[in-house]
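Participant: Make a model of this:
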Amino acid sequence: MHAFFNSLAALTLIAGLVLPTVASAGSWSQFRGPNGSGRPETEQPLPEKIGPETNVLWKAPLPPGISSPAIHENQIFVTGVRDKELVTIALDRRTGEIQWEVVAPHEQLEAVHSVGNHAQPSPTTDGERVVSLFGSCGLFCYDTAGKPLWNIKMGPFKNDFGAGSSPIIVGDRVILCQDHDTDSFLMAVDKRTGEILWKTDRSEFPRNYCTPVIWNVDGRNQIVIAATLRIAGYDFEDGRELWTVRGVARIVNMTPVVGEDGILYAACWSPGGDEKDRITTGPFPEVIAEQDANKNGTLEKDEVPEGPVKQRFSQIDRDKDGHITGEEYESMRRVFETARNVVMAIRPGGSGEITDTHVLWKYTKVIPYCPSPLHYRGQVFMVKDGGILSVLDAATGKAIKEGRLRATGGYFSSPVGGDGKVYVISQKGELTVFKATGDYEELSSADLGESGFATPAIVDGRIFVRTSGHLYCFGNK
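Facilitator: I've put the predicted structure just below:
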């Protein structure tokens, strides 16, 4: 099978193109690159124009998957689903040729969102090992030749949207947060042995999809997670909570970013959290008196009328027993009442409750649902469904630019920035390049012909873009 994949290669090279030798010093080791920043380690010239036949250095076929590539020197790692098998794949960064493919054993595939995939979390690498997460199937660690090193079984997670948060490697540890409708947790694992070093209970949090980021404050690493109603910082050494900021969204799909200025920027949006578009429900005693047809004291789906509760029945029914109890109902009702959609900047150095002391500014307009914000050159870039671009002054939170890209439609992939440019791909697979300064001019917009969910990676003057069927390597020829 490996010979077959190698011959397919991933080598859909442009006819007659001779690839230059790649100086392979850089890495993009996790979801959104260095510490989830969306920025490369070093700034190098990147192409202004990108398209299916424009500045393509190679194009490699891949099985379905929406995880983003992780890169170290001359290797690229992605995950996918091939013939119902969960696979981690290594490719040669210089050519796109598949080097190896390893199957993660599983008993059954769990439920995922209708636009999701069983290869959603992005892998992470430190150049010696690669770690992949396949939801309830577990955490899998391999060496860079594809040899299995350890595996941690998990779940089954109670979440019909599947797992989305990605693992990261920091120092000698793998850090993983999994927020599901029950049994949420944050944990640190010894990357060499797979031993769980500590595990912090986060059972107050239902499903969220934020990948952890590391915030170095006064020389000590903190792990930051944005989730239902609050953002929290945890001690890297033992996992205890250090601080919290309240007043955020009901579900958080986006990952915060530590700016080049050391400030933490977080964007949080979910339906029903805008000031003029609130979700409201009556108290449980009133609802149960009116809707409990079988008089068993709980709500079943066929008893609930059309509306916000029925639409979110599986989320409110946190233990997935088919019944909404008074406790489950009132818990979500409080979330509906409290949730607020917001972008905020948080200064470092706080402990305990820091909502009123360390939030520098808030912004409440035109906030994306899934794409994480990008802090680049003193600005915060966000792209919302419909191709709506917002650029904020990172120092003040004031809007500098609001406009619409030519590539409209849905957006799941997060923007990345390098060489004074920002790159973003829409769900339809339309890749846009625009200037990160001045008038934010669009430099190119091209349809790659396949859907795009993964966030691009930038390494050594190359940009790697995953579509539903391929991985592209773009660069100045």
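Participant: what's the helix ranked longest in the chain in contact with?
Facilitator: Ranked by residue count under DSSP state H, the longest helix found in the chain is helix 326-338. With contacts defined as Cβ atoms under 8 Å, 6 or more residues apart in numbering, helix 326-338 is touched by 206, 228-229, 247, 250, 272, 278-281, 283-284, 287-288, 297-299, 308-309, 312, 315-319. Every residue, glycine included, has its C-beta placed from N, CA and C.
Participant: In strands, which of the residues you listed appear?
Facilitator: Judged by DSSP state E, strands contain the following of these: Arg278.
Participant: which element follows the lowest-mean-pLDDT helix or strand in the chain toward the C-terminus?
Facilitator: Here the helix or strand of the chain ranked lowest by mean pLDDT, DSSP states H and E is helix 2-8, holding a mean of 35. Scanning forward in sequence from helix 2-8 by DSSP states H and E, the next helix or strand is strand 27-28.
Participant: other SSEs contacting that following strand?
Facilitator: Applying 3 or more Cβ pairs under 8 Å, 6 or more residues apart in numbering; DSSP states H and E, we find strand 27-28 packed against strand 70-72, strand 457-459.
Participant: neighbouring strands for the last one, and are they parallel or not?
Facilitator: Just to be clear, that refers to strand 457-459. Note on strand 457-459: by DSSP bridges, its sheet partners are strand 462-466 (antiparallel).
Participant: pLDDT of the strand it pairs with, averaged?
Facilitator: What strand 462-466 shows for mean pLDDT is 98.
Participant: what's the answer for stretch 258-267, then?
Facilitator: The average pLDDT for stretch 258-267 rounds to 97.
Participant: which residues are contacting that stretch?
Facilitator: 35, 37, 39, 213-215, 224, 226, 231, 248, 254, 256-257, 342-348, 360, 367-368, 372-373, 375-378, 380, 382, 394.
Participant: Just the buried ones from those residues, in PyMOL syntax?
Facilitator: Buried subset of these, written as a PyMOL selection, criterion 16 or more other Cβ atoms under 10 Å:
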select buried, resi 35+37+39+213+214+215+224+226+231+248+254+256+257+342+343+344+345+346+348+367+368+372+373+375+376+380+382+394
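Participant: Just the ones of the contacts of stretch 258-267 in strands?
Facilitator: Counting by DSSP E, the part of these found in strands is 213-215, 224, 226, 231, 257, 342-346, 360, 375-376, 380, 382.
Participant: so which helix or strand takes in the closest residue to Ile223 other than its chain neighbours?
Facilitator: Among residues not flanking Ile223 along the chain, Tyr234 sits closest, at 4.4 Å (Cβ to Cβ, 6 or more residues apart in numbering). Using DSSP H and E, Tyr234 falls within strand 230-235.
Participant: How about the contacts made by Arg278?
Facilitator: By Cβ under 8 Å, 6+ apart, the contact set of Arg278 is 272, 336.
Participant: All the strands of the stretch 101-250 of the chain, residue numbers only.
Facilitator: Remark: strands assigned in the stretch 101-250 of the chain by DSSP state E, counting those that start in this stretch are 124-125, 129-133, 139-143, 148-152, 168-170, 173-178, 185-190, 196-201, 213-217, 220-227, 230-235, 241-246.
Participant: can you list the ones you listed in CSV and add distance to Glu97?
Facilitator: Output for the strands of the stretch 101-250 of the chain, formatted as CSV (distance: least, Cβ to Cβ, whole Å):
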stretch, distance to Glu97
strand 124-125, 18
strand 129-133, 17
strand 139-143, 18
strand 148-152, 22
strand 168-170, 25
strand 173-178, 28
strand 185-190, 31
strand 196-201, 36
strand 213-217, 33
strand 220-227, 36
strand 230-235, 40
strand 241-246, 45
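Participant: Quickly list what Val213 is bridged to.
Facilitator: Under DSSP bridges, the beta-bridge partners of Val213 are Val224.
Participant: related to what we said a few turns ago, which one of the strands of the stretch 101-250 of the chain lies nearest to Glu43?
Facilitator: When the strands of the stretch 101-250 of the chain are compared by Cβ to Cβ, strand 213-217 sits nearest Glu43, at 20.9 Å.
Participant: Can you tell me which helices and strands that closest one packs against?
Facilitator: Checking 3+ Cβ pairs under 8 Å, 6+ apart, strand 213-217 ends up next to strand 220-227, strand 257-258.
Participant: highest average neighbour count across those?
Facilitator: Ranked by average neighbour count under the criterion mean count of other Cβ atoms under 10 Å, the helices and strands packed on strand 213-217 are headed by strand 257-258 at a mean of 24.
Participant: Look up how far Phe453 lies from the closest residue to Phe161 other than its chain neighbours.
Facilitator: Leaving aside its chain neighbours, Phe161 sits nearest to His113 (4.3 Å; criterion: Cβ to Cβ, 6+ apart). From His113 over to Phe453 the distance is 11 Å, taken as Cβ to Cβ, to the nearest Å.
Participant: Tell me how far the residue nearest to Ile223 lies from His106.
Facilitator: In terms of Cβ to Cβ, Tyr234 sits 30 Å off from His106.
Participant: Please name the nearest non-neighbouring residue to Glu48.
Facilitator: Excluding its sequence neighbours, the residue lying closest to Glu48 (Cβ to Cβ, 6+ apart) is Leu443, at 4.3 Å.
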